[in-house]
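Student: Compute the structure for the input listed below.
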Amino acid sequence: MADDTRDYFLAGTRFEAPTLAPGLYVVATPIGNLRDITIRALETLAAAEIVLCEDTRTSAKLLDHYGIKGRRQALHEHNERDKADQIAARIAAGAAIALISDAGTPLLSDPGFPLIRALAEQNLPVFPIPGASALLSALVIAGLPTDAFAFHGFLPPKAGARINALARLKDSRETLVFYESPRRLEGSLAAMAEVLGERQAVVALELTKRFERSFRGSLAELASQFADQETKGEAVIVVAGAAEPSAPALEDWMAALKIAMADQKLRAAVDEVADRFGLKRKEVYDAALTLKTAE
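Tutor: Just a heads-up that it's a prediction; the model follows:
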């Protein structure tokens, strides 16, 4: 690549990008506001031999905005498996290549996984260039626990499969994060309210864009709010995890323990009651010894 293409413009000032080491650079790009990009990302995109884009037309808005003129090549869900070996061969030969998606951090519900897997299998270098992520942006404004969370991408489009997917998450205690398209938002919220119950949730729309907005409430309230409403912009839905199960009443499991001890050996009775009530075995065993001593 010619040296005169390895530059970018920031606030009207031209900067030359440094030379990159060979490898694939997974570059996070803005999710809306074009200013949400790092200097390192601009340097990488300007210096890369090729910029792999989910859609070259979409990425042109960002690259042209910063005066980045390097070669662009489409890499999307329909061609990424076919191109993975070819790209890996170029990197093995010493090329520095950048990968971007239409918005945000690549591979999070975006193409790129087959390519990363191919490079990993050949022990070729892959470098993360961190930055914007709709997932994290929504999570930090939701007001829900962030110490443990799980990202589940897009729910299945068909109603039955969507219900089944949510049912598998019903007992998950970590905060749940989903992406959703505007046309399926109403159906997904209704399904969540049906399966997950009265949990608190947040719907974040068009994050970092001019009409960014977020809505808080129970899943039922949000489902009602978005029913029959035309929504614009991709959505991130953040849902509270399942509540901790309440501890079983002492009198209930002690009564069950007495009955079990009447018919079984002590250890078997302890195991049965501990499993049935979700108790620690030592707690039940100590109670069983006390009952046996009192006989």
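
Student: what are the ranges of the helices in the stretch 51-200 of the chain?
Tutor: 56-65, 80-92, 113-121, 134-141, 159-167, 185-196 (DSSP state H, counting those that start in this stretch).

Student: what about those helices, which gets the closest to residue 101?
Tutor: Closest approach to residue 101 among these (Cβ to Cβ): helix 56-65, 8.5 Å. Quick note: C-beta positions are derived from backbone N, CA and C, even for glycine.

Student: And for that closest one, what's in contact with it?
Tutor: 29-30, 34, 37, 45, 51, 53, 69-70, 72-74, 100, 102-103 (Cβ atoms under 8 Å, 6 or more residues apart in numbering).

Student: The nearest residue to residue 125 once chain neighbours are set aside and residue 122, how far apart?
Tutor: Spatial nearest neighbour of residue 125, chain neighbours left out: residue 23 (3.4 Å); criterion: Cβ to Cβ, 6 or more residues apart in numbering. Per Cβ to Cβ, to the nearest Å, residue 23 is found 12 Å from residue 122.

Student: Quick check: residue 229 touching residue 186?
Tutor: Yes - with contact defined as Cβ atoms under 8 Å, residue 229 counts as touching residue 186 (7.1 Å).

Student: Between these two, point out the one with more neighbours.
Tutor: More crowded of residue 229 and residue 186, by other Cβ atoms under 10 Å: residue 186, with 20 against 10.

Student: residue contacts, the more buried one?
Tutor: Neighbour list for residue 186: 223, 226, 227, 228, 229, 231 [criterion: Cβ under 8 Å, 6+ apart].

Student: Can you tell me which of those residues lies closest to residue 90?
Tutor: The closest of the contacts of residue 186, once distances to residue 90 are taken by Cβ to Cβ, is residue 231, at 41.6 Å.

Student: Count the residues that sit near the closest residue to that closest one other than its chain neighbours.
Tutor: In space, and not counting its chain neighbours, residue 231 is closest to residue 182: 4.1 Å by Cβ to Cβ, 6+ apart. Using other Cβ under 10 Å, residue 182 has 16 neighbouring residues.

Student: One more: residue 169?
Tutor: 19.

Student: so the closest residue to it other than its chain neighbours bridges to which residues?
Tutor: Closest residue to residue 169 apart from its sequence neighbours, by Cβ to Cβ, 6+ apart: residue 176 at 6.1 Å. Counting by DSSP bridges, residue 176 is bridged to residue 150, residue 239.

Student: which residues does residue 176 contact?
Tutor: Per Cβ under 8 Å, 6+ apart, neighbours of residue 176: 149, 150, 152, 169, 238, 239, 240, 241.

Student: ok, which pair from these is furthest apart?
Tutor: It's 152 and 240 that sit farthest apart of the contacts of residue 176, by Cβ to Cβ, at 14.2 Å.

Student: Would you mind listing the outside residues contacting stretch 84-101?
Tutor: With Cβ under 8 Å, 6+ apart, stretch 84-101 has contacts from 19-27, 29, 44-45, 47-54, 59, 62, 75, 106-107, 110-112, 114-115, 117-119, 122, 124-125, 129.

Student: again, only this time at 7 Å
Tutor: 20-27, 29, 44-45, 47-54, 59, 75, 106, 110-112, 114-115, 118-119, 122, 124 (Cβ atoms under 7 Å, 6 or more residues apart in numbering).

Student: Quote the end-to-end distance of that stretch.
Tutor: Distance across stretch 84-101, first residue to last, is 16 Å (Cα to Cα, to the nearest Å).

Student: cool, and stretch 240-247?
Tutor: Chord length of stretch 240-247, first to last residue, is 20 Å (Cα to Cα).

Student: Also stretch 71-86?
Tutor: OK, stretch 71-86 end separation, Cα to Cα: 16 Å.

Student: Same check on stretch 147-160?
Tutor: 31 Å.

Student: For that stretch, which residues meet the burial criterion?
Tutor: Buried residues in stretch 147-160, counted by 16 or more other Cβ atoms under 10 Å: 149, 151, 152, 155.

Student: Now render those as CSV, adding distance to residue 80 and pLDDT.
Tutor: Formatted as CSV, the buried residues of stretch 147-160 follow (distance: Cβ to Cβ, whole Å; pLDDT from 0 to 100):
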residue, distance to residue 80, pLDDT
149, 27, 97
151, 21, 97
152, 22, 97
155, 23, 97
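
Student: Perfect, I'm done here.
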